[in-house]
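**Student:** Please find the sequence and the predicted model below.
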Amino acid sequence: MKTLFETFATNEGGRVGHVTSDNGAIDLKVQMPDNNGQPEGTTNPEQLFAAAYASCFAGAVQAVAQQMGIKDLGDFSVKSTISLNKDEDGYFLEATLDTYLPTVDKEKGEDIINEAHEMCPYSKATRDNITVHLNLLLDE
């Protein structure tokens, strides 16, 4: 194993606290949403996870497309929705990855997102731990 890099973030105060990254790029108040939504100027762990997963999965999509010889993905995007759920066993997460690939057809797009799900480190970390839904968004 070769470590490519390490980073860290520190939280003080839990879900009503503050989180910072080692380089200061993340310096945010943490607070749970209420009935009015996410309080202005704050984030929550699920938002942070959604941002990280979307970014990582998008990178995997690019890598897979490149391996397939696709040079132009256009203005592609990945929207990661992270749900915090609760049932009789307690709290759990669920993820939905909506991927828009405007320059490829449905079959190629499905191949790309399925292979990206195999490659993405966040997908590997969540595999068999949380439900992850993969959606390919198409132009109508």
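**Tutor:** Received, thanks. Residues are numbered from 1 along each chain as shown.
**Student:** could you measure the nearest residue to residue 131 once chain neighbours are set aside against residue 32, distance?
**Tutor:** In space, and not counting its chain neighbours, residue 131 is closest to residue 94: 4.9 Å by C-beta to C-beta, 6 or more residues apart in numbering. From N, CA and C alone the C-beta is placed, and that goes for glycine too. From residue 94 across to residue 32, the span is 17 Å (C-beta to C-beta, to the nearest Å).
**Student:** Which residue ranges of the protein form strands?
**Tutor:** 9-12, 17-21, 27-30, 42-43, 77-87, 90-100, 131-137 (DSSP state E).
**Student:** dump the residue contacts of residue 118.
**Tutor:** Taking C-beta atoms under 8 Å, 6 or more residues apart in numbering, we find residue 118 in contact with no residue.
**Student:** which helix is the longest one in this protein?
**Tutor:** helix 45-67 (DSSP state H).
**Student:** before we move on, back to that, mind listing the residues bridging to the residue nearest to residue 131?
**Tutor:** residue 83, residue 131 (DSSP bridges).
**Student:** Which pLDDT value does the model give it?
**Tutor:** As predicted, residue 94 sits at a pLDDT of 97.
**Student:** burial measure for it, as a count.
**Tutor:** As a burial measure, residue 94 scores 14 neighbours (other C-beta atoms under 10 Å).
**Student:** so what's it up against?
**Tutor:** For residue 94, counting by C-beta under 8 Å, 6+ apart, the contacting residues are 82, 83, 85, 130, 131, 132, 133.
**Student:** roughly how far apart are the residue nearest the centre of the chain and residue 93?
**Tutor:** For the chain, the residue sitting closest to the mean C-alpha position, by C-alpha atoms, centre = their mean, is residue 53 at 1.9 Å. To residue 93, residue 53 is 10 Å away according to C-beta to C-beta.
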